[in-house]
Every structure is written in C-alpha cells, then in structure tokens.
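A.B. asks: mind looking at a prediction? Sequence and model below.
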Amino acid sequence: MAEVYLVDGTFELFRCFHGTPRHTNADGEEVGAVRGLLHTLLSLLKGLKPRIDDAAPGYVAVAFDPLPAGRGGSAKDPGTLIRRQSALALDAVRALGIRLWPMVRFQADDALATGAHALRVDATASRVVICTTDTDLFQCIRGTDVVVLDRIRGTVTDETDFRARYAIAPWQFTDYLALVGAPAKGIPGVPGWGPKNAARMLAAHGRIEDFPPGREEWQAVRRGGHLAAEFADRRDEALLVKRLATLRNDLPLDCSLPALAWRGLDDVRLRRVVAAAEANDLWERIERWST
C-alpha cells in the first residue's frame, strides 16, 4: 500500500522566497527562492526514503500555478522576483526526479484535487497527503485516506479534525464558504451568517441548493427569519461563489502510482540547476543522505 504526497509548489516557492535569504547569482538573477525550494523538496524526499538507495518506492508530485515570466516590473517587487524564478523552479523539481504538474489554464489547487480524487479510489494507495496551507484543499479531505499536511507547523488535518473545527463534512466546505465567506480570500459570504448557523443549516439540509424556500421550514437555526431573507436575496451569488470555490477534480493528469513514483535524482539536470542557483551546499546534504 502506497502513501502519496501531492505538493503545492506555488506555495512552497512563495514560502521559500519570504522565508529564506535572498541571493543574486553571478548572472545578476535573484535565485534565493529556488535555493530554498531545492532544500525543502529534498527534505520531503528524505522523509520518504531514509537512504537515497532505499528500495521502497516513494510517490510524490508537485503542482504549480501558471507563473508567467516576470518581464518588466520593479526589480524590488516580490511578485516580479518570484515569477522571474519560476522557470528555474520548475526545472529544480524535474532535476530532483519529482513528477511535475505545471498548470496553464487551471490552478495548482485543481491539480492537487484531481490527484486526490483519482488516488482515493485507487486500491493500491493507502493515503494521499496534500501538502499545503491553503484551506481550499480541505474540501478534498476524506476520512484518513486524504489528509492535508501543513509542512510549516507539522500538523495533519483529517476528517475528524476538520469536523471538530467546522462541524460539517469536508464535501460541504464550499457551501460553508459561500455562506460565511472568507475575507482574506475575497469571498464575500451572506450578511448575518456565521459559522454556527451555517453548520447547523448544512447539517440539517446538506447543500445550500437544498435549503427550504420558506423560512418557516428553517428549524435548524433560531430566529432564522433574517437569515432566510438574506439568503433569499443573495442565493444566486452564494451559488456562484460555491461553484467558483469548488476545485476541479477532472484534469487530464496521469495520477497513477507508476507515474508518481520517484525516479531518483537527474544528475545532469541537477548539476545545471544547482550551478544556476548557486546552491552548492545541496551536494553535502545529498552525500549525507547517500551514506
């Protein structure tokens, strides 16, 4: 039985940009985020395989949002500096022998959701671990078969943890967001709706599409008249928010275990990436991993 790791590469690149020292290489290019990415992905691989030549297979894929090259823009703008490193970041993943899912029309979240959906029904996959801090991926959680790992805090969220926090099932999370909103993500929500009443209504009726049309039928919440009125006024908006917040899980990706099996380091490509990123300290870590 295989444990599969699906990594939000865009988040990892941004995290490395803000969490590791800046570094300009000999060509005058900012490469600090790629240096950090090489190290954090190597740490993930070492967690899967205590030794580089360990015979037990490891399964991992890294997905990236579309990151067009940062031509123009201020040389001090973080977004521009990150985009300028995107091509080298993708090559770093390839050099480490990890399956790469670079998105063009869709987002990395959609790729991760597609992988989780496909692997959940694969009898040979024991657990899918989605590595991200983005709560949007909570909608993919299923029991202990699909979980979300926050690599920064080292915390794993499975369905029991999710239900304890939100009092709903993971598949209802987009309904919950459509009602409660998420200001940090720009999701407006419905006025007057809070977590408790949203959870009660979803527990009673399942989906926002199934909320009773008459407020006299809203037995799940106390004094539900104003909530029913607000929902009736914003129903179409709430349904649109739900659709937009629901991740795609049908992208044309090869999510089979053979496709995600770690292929080992690509020595030639890795030497080229390490040289460009001036990340020579990586070789010492690889040598220790080998011995």
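C.D. replies: Structure's in. What do you need?
A.B. asks: what packs against the helix-or-strand element of the chain with minimal mean pLDDT?
C.D. replies: In the chain, no helix or strand scores lower on mean pLDDT, DSSP states H and E than helix 78-84, which sits at a mean of 89. Identification of packing neighbours for helix 78-84 by 3 or more CB pairs under 8 Å, 6 or more residues apart in numbering; DSSP states H and E yields helix 9-19. Every residue, glycine included, has its C-beta placed from N, CA and C.
A.B. asks: so what secondary structure elements neighbour the helix it packs on?
C.D. replies: Applying 3+ CB pairs under 8 Å, 6+ apart, one finds that helix 9-19 contacts helix 32-48, strand 59-64, helix 78-84, helix 86-95, helix 108-120.
A.B. asks: point out the most buried one among these.
C.D. replies: Counting by mean count of other CB atoms under 10 Å, strand 59-64 has the highest mean neighbour count of the helices and strands packed on helix 9-19, with a mean of 26.
A.B. asks: and the contacts of it?
C.D. replies: Residues outside strand 59-64 that contact it (CB atoms under 8 Å, 6 or more residues apart in numbering): 2-10, 12-13, 41, 44-45, 48, 86, 89-90, 93, 98-103, 108-109, 111-112, 115, 125, 255, 257, 260-262.
A.B. asks: ok, now stretch 273-290?
C.D. replies: Stretch 273-290 is contacted by residues 23, 25-27, 29, 31, 34-35, 38-39, 42, 46, 51-53, 88, 91-92, 95, 265 when judged by CB under 8 Å, 6+ apart.
A.B. asks: gap between the two ends of that stretch?
C.D. replies: Stretch 273-290 has an end-to-end distance of 20 Å (CA to CA, to the nearest Å).
A.B. asks: check which residues of that stretch are buried.
C.D. replies: 273-274, 276-279, 282, 286, 289 (16 or more other CB atoms under 10 Å).
A.B. asks: so Ile187 bridges to which residues?
C.D. replies: Beta-bridge pairing of Ile187 under DSSP bridges involves Ala182.
A.B. asks: that one reaches Leu240, doesn't it?
C.D. replies: No: taking CB atoms under 8 Å as the definition, Ile187 is not a contact partner of Leu240, at 10.9 Å.
A.B. asks: more crowded one of those two?
C.D. replies: The residue with more neighbours, out of Ile187 and Leu240, is Ile187; 17 against 12, by other CB atoms under 10 Å.
A.B. asks: dump the residue contacts of the more buried one.
C.D. replies: Listed by CB under 8 Å, 6+ apart, the contact set of Ile187 reads 177-178, 181, 241, 245.
A.B. asks: mind listing the helices for this protein?
C.D. replies: Along the chain, counting by DSSP state H, helices occupy 9-19, 32-48, 78-84, 86-95, 108-120, 159-166, 173-180, 195-205, 225-245, 257-260, 267-277, 281-290.
A.B. asks: okay if I get those as CSV plus distance to Phe138?
C.D. replies: What follows is those, written out as CSV (distance: least, CB to CB, whole Å):
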stretch, distance to Phe138
helix 9-19, 14
helix 32-48, 21
helix 78-84, 25
helix 86-95, 25
helix 108-120, 11
helix 159-166, 6
helix 173-180, 5
helix 195-205, 14
helix 225-245, 11
helix 257-260, 22
helix 267-277, 33
helix 281-290, 33
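A.B. asks: which among those helices is found nearest to Cys140?
C.D. replies: Comparison of the helices of the chain against Cys140 by CB to CB identifies helix 108-120 as nearest, at 4.4 Å.
A.B. asks: what packs against the closest one?
C.D. replies: Judged by 3+ CB pairs under 8 Å, 6+ apart, helix 108-120 is in contact with strand 2-8, helix 9-19, strand 59-64, strand 99-102, strand 125-131, strand 146-150.
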